[in-house]
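A.B. asks: need coordinates for the below:
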Amino acid sequence: MNQKIKIAMVTNHFGITGISTVILNYCKELDRHKYDLTVIAGKPIAEENRKECAENGICLIELPSRHQESVKHYVRLWKVLKQNHYDIVHVHGSSSMMAVELTIAKMAGVKIRIAHSHNTMCPNMKIHRILNPYFRKIYTQALACGKMAGDWLFGENEFEIIPNGFHTELFEFDEEERKRVKKELDIEDKLVIGHIGRFNEQKNQEYLIKTFEQVAKVCGDAVLLLVGTGPNFNRVKGIIDNSLYKNQIILYGVTKETRAMYSAMDVFVLPSRYEGLPVVLLEAQMTGLPCIVSDKVTREVDFGEIQWLSIEDAPTNWAKSILQTAVKSNVQRRNYRSKHITRIQSYDINQTVNQLDRIYERLVHQ
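C.D. replies: Numbering: from 1, shown residues only. Coordinates of the predicted model:
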């Protein structure tokens, strides 16, 4: 077939999120000679994402905010899908609410409709439950980032697991970067407890701060390095401003240099309330970081050395584990990659994009 396969990746907004990263990663790696790729997203759209689309020749179509102007959002989506005659609409989300986009795609005449589950929970469970039986009838192909994310959304229905792929070689421990970041932040002799994530309900930064306060009581040389932004940023900042240990907490903001951040950390902590397949946890492990993680997170991401704890426990328990977790030597961290190379490669973008390519091919030609 000489004509390119027209794909529309649909997401309700395009901020700095895990879903946006996954969409961009796939769009950048899929073969442009074969695919004509468009991202259709509601506002807000992060400036970085807009720039990445422009730099990589990915068409980005902006819709009104689904949250603030939902009718306009869906009407515009219908017009875009109707006008552009896509072969495949690939909807990314975390709940049965995707049924709305999938129905619009069907009304617009799109025969291949993919629902892609990226999480194991959603904020509005009531609507999710009501829509779920209908949702399961409206897609033509189900994909999930992991088994838990698939089970939660598709139930007994079949689905295919396609791990969130990324350039795994970018997440090797780097001693020079470690020194540089620690010097810049003036934390050279400190125990660095780290966290990278969107500031929201799911990632549970408030619990992490309570945990850190228990660590700081015992260890005056500890610092908490928080990387990211999000809807709860100001709330978290308010909690930090009122903390006795605010001078030991660094709100770093957003950065593209995540490898340098992981390299500077001594322990990575993820107390999430729920997760699909957290890429940050894969990245952290790949840099050889000891990880302490909420048992609400899928075990699929464990390379065999994660410490799992319950967020129902008192923060003192987490603090004790953080202090007991032996800080790995730089040599151990450098060797971590070769020790776990088979698992690491299963998340490499080259492998997962080939899987997605095969799925698209199969769907178009069946």
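
A.B. asks: tell me which element residue 255 is part of?
C.D. replies: For residue 255, there is no helix or strand it lies in under DSSP states H and E.

A.B. asks: so it touches residue 261, yeah?
C.D. replies: Yes - under the criterion of CB atoms under 8 Å, residue 255 makes contact with residue 261 at 6.5 Å. In this view, the C-beta of every residue, glycine as well, is placed from N, C-alpha and C.

A.B. asks: neighbour count for those two, which is higher?
C.D. replies: residue 261 (23 against 12; other CB atoms under 10 Å).

A.B. asks: helix or strand for that one, just tell me which one.
C.D. replies: helix 258-264.

A.B. asks: show me what that helix is packed against.
C.D. replies: For helix 258-264, the packing partners by 3 or more CB pairs under 8 Å, 6 or more residues apart in numbering; DSSP states H and E come out as helix 175-184, strand 191-196, strand 222-227, helix 279-286.

A.B. asks: for residue 152, which of these is the nearest?
C.D. replies: Between residue 152 and the helices and strands packed on helix 258-264, the shortest gap by CB to CB is with helix 279-286, which sits at 17.9 Å.

A.B. asks: next secondary structure after that closest one?
C.D. replies: Following helix 279-286 toward the C-terminus (DSSP H and E): strand 291-294.

A.B. asks: quick check: mean pLDDT across the helix holding residue 261?
C.D. replies: For helix 258-264, mean pLDDT is 97.

A.B. asks: buried sites along it?
C.D. replies: Judged by neighbour count (16 or more other CB atoms under 10 Å), helix 258-264 contains these buried residues: 258-264.

A.B. asks: what of stretch 227-239?
C.D. replies: So, applying 16+ other CB under 10 Å, buried residues of stretch 227-239: 227-230, 232-233, 236, 239.

A.B. asks: could I get the helices and strands packed on helix 258-264 as JSON lines with distance to residue 27?
C.D. replies: Listed next are those as JSON lines, based on distance: least, CB to CB, whole Å:
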{"stretch": "helix 175-184", "distance to residue 27": "28"}
{"stretch": "strand 191-196", "distance to residue 27": "22"}
{"stretch": "strand 222-227", "distance to residue 27": "24"}
{"stretch": "helix 279-286", "distance to residue 27": "16"}
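
A.B. asks: just curious, which of the buried residues of helix 258-264 is nearest to residue 15?
C.D. replies: Closest to residue 15 out of these is residue 258 (16.8 Å), distances taken as CB to CB.

A.B. asks: for residue 339, see how far away that closest one is.
C.D. replies: According to CB to CB, to the nearest Å, residue 258 stands 21 Å off from residue 339.

A.B. asks: and residue 77, by the same measure?
C.D. replies: With CB to CB as the criterion, residue 77 and residue 339 are 46 Å apart.

A.B. asks: what's the helix holding residue 261 in contact with?
C.D. replies: Contact with helix 258-264 is made by 170-175, 177-178, 180-182, 185, 187, 192, 194, 196, 225, 227, 252, 255, 268, 283-284, 287, 289, as judged by CB atoms under 8 Å, 6 or more residues apart in numbering.

A.B. asks: narrow those to just the buried residues.
C.D. replies: Applying 16+ other CB under 10 Å to the contacts of helix 258-264 flags 171-174, 177-178, 181-182, 187, 192, 194, 196, 225, 227, 252, 268, 283-284, 287, 289 as buried.

A.B. asks: walk me through the domains of this structure.
C.D. replies: 5-166+348-365, 168-345 (automatic domain parsing).

A.B. asks: pLDDT (mean, whole number) over the first one?
C.D. replies: Read it as domain 5-166+348-365. 96.

A.B. asks: quick check: residue 284 touching residue 269?
C.D. replies: No - if you go by CB under 8 Å, residue 284 and residue 269 don't touch, sitting 9.5 Å apart.

A.B. asks: any common contacting residues for those two?
C.D. replies: Common neighbours of residue 284 and residue 269 (CB under 8 Å, 6+ apart) are 194, 291.

A.B. asks: next, count neighbours for residue 324.
C.D. replies: Neighbours around residue 324, by other CB under 10 Å: 9.

A.B. asks: quick check: it vs residue 219, distance?
C.D. replies: Distance from residue 324 to residue 219, by CB to CB: 12 Å.

A.B. asks: what's near enough to touch residue 227?
C.D. replies: 194-197, 252-255, 258, 261.

A.B. asks: do the same with residue 201
C.D. replies: Counted by CB under 8 Å, 6+ apart, residue 201 has contacts 123, 232, 273.

A.B. asks: strands along the stretch 201-350 of the chain, start to end?
C.D. replies: 222-227, 249-253, 267-270, 291-294, 307-309 (DSSP state E, counting those that start in this stretch).

A.B. asks: direction included, what does the third one pair against?
C.D. replies: It stands for strand 267-270. Here strand 267-270 has these sheet partners by DSSP bridges: strand 191-196 (parallel), strand 291-294 (parallel).

A.B. asks: show me where pLDDT drops low in the stretch 201-350 of the chain?
C.D. replies: 326 (pLDDT under 70).

A.B. asks: what number of residues lie near the nearest residue to residue 131 once chain neighbours are set aside?
C.D. replies: Leaving aside its chain neighbours, residue 131 sits nearest to residue 96 (3.8 Å; criterion: CB to CB, 6 or more residues apart in numbering). By the criterion of other CB under 10 Å, residue 96 has 23 neighbours.

A.B. asks: backbone phi and psi for residue 96, please?
C.D. replies: Residue 96 has phi and psi values of phi -70, psi -10 when expressed as degrees, to the nearest 10.

A.B. asks: and the helix or strand residue 358 falls within, what's buried?
C.D. replies: For residue 358, the host element (DSSP H and E) is helix 349-365. Of all the residues in helix 349-365, those buried under the rule 16+ other CB under 10 Å are 349, 352-353, 356-357, 359-360, 363.
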